[in-house]
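Engineer: okay, sequence plus prediction incoming.
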Amino acid sequence: MHIKVTKSMFIDAFKAMRPENFSYDALSAMFDYFDDFSSAENDVELDVIAICCEYAEYDSIEDYNHQHETEFESSDELEQHCTVIEIDDNRFVAGEF
């Protein structure tokens, strides 16, 4: 049995299970990314814990570099190594690699 998850349901699931993990803006951007990726042939399962383990939110590329001891110049450069979901001009969610 499958249920089509709305953006509101997606955000509510995170706020119920992991309320401090991602900002509202990050969750909104992540939903849009997963929704675009999902199709009839390629369902995406909503697993809050797995997503929290696989992705993290960053305020800037400097924040990412500081936390990972890397020296990426931009999120575009980082995107060559992992999934990057843009939130705004500075903030993004990155897949942990």
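Structural biologist: Looks like it came in fine. Residues are numbered from 1 along each chain as shown.
Engineer: so where is the protein shaky, pLDDT-wise?
Structural biologist: 1, 39-41, 97 (pLDDT under 70).
Engineer: tally of neighbours for residue 79?
Structural biologist: Per other C-beta atoms under 10 Å, the neighbour tally for residue 79 reads 16. (Glycine included, C-beta is placed from N, CA and C.)
Engineer: what segments of the protein are strands?
Structural biologist: Using DSSP state E, the strands of the chain run over residues 55-58, 84-86, 92-95.
Engineer: I'd like those as a markdown table, with mean neighbour count appended.
Structural biologist: Shown next, in a markdown table, are those (neighbours: other C-beta atoms under 10 Å):
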| stretch | mean neighbour count |
| --- | --- |
| strand 55-58 | 20 |
| strand 84-86 | 18 |
| strand 92-95 | 21 |
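Engineer: quick one: the nearest residue to residue 85 once chain neighbours are set aside from residue 4, how far?
Structural biologist: Among residues not flanking residue 85 along the chain, residue 93 sits closest, at 4.2 Å (C-beta to C-beta, 6 or more residues apart in numbering). Noted for residue 93: a distance of 22 Å to residue 4, by C-beta to C-beta, to the nearest Å.
Engineer: if residue 56 is in a bridge, with which residues?
Structural biologist: Beta-bridge pairing for residue 56 (DSSP bridges): residue 94.
Engineer: burial count for the residue nearest to residue 18 when sequence neighbours are not counted?
Structural biologist: Excluding the flanking residues, the one nearest residue 18 by C-beta to C-beta, 6+ apart is residue 52, at 5.2 Å. Counted with other C-beta under 10 Å, residues neighbouring residue 52 total 14.
Engineer: which residues touch residue 52?
Structural biologist: Residue 52 makes contacts with 14, 18, 21, 22, as judged by C-beta atoms under 8 Å, 6 or more residues apart in numbering.
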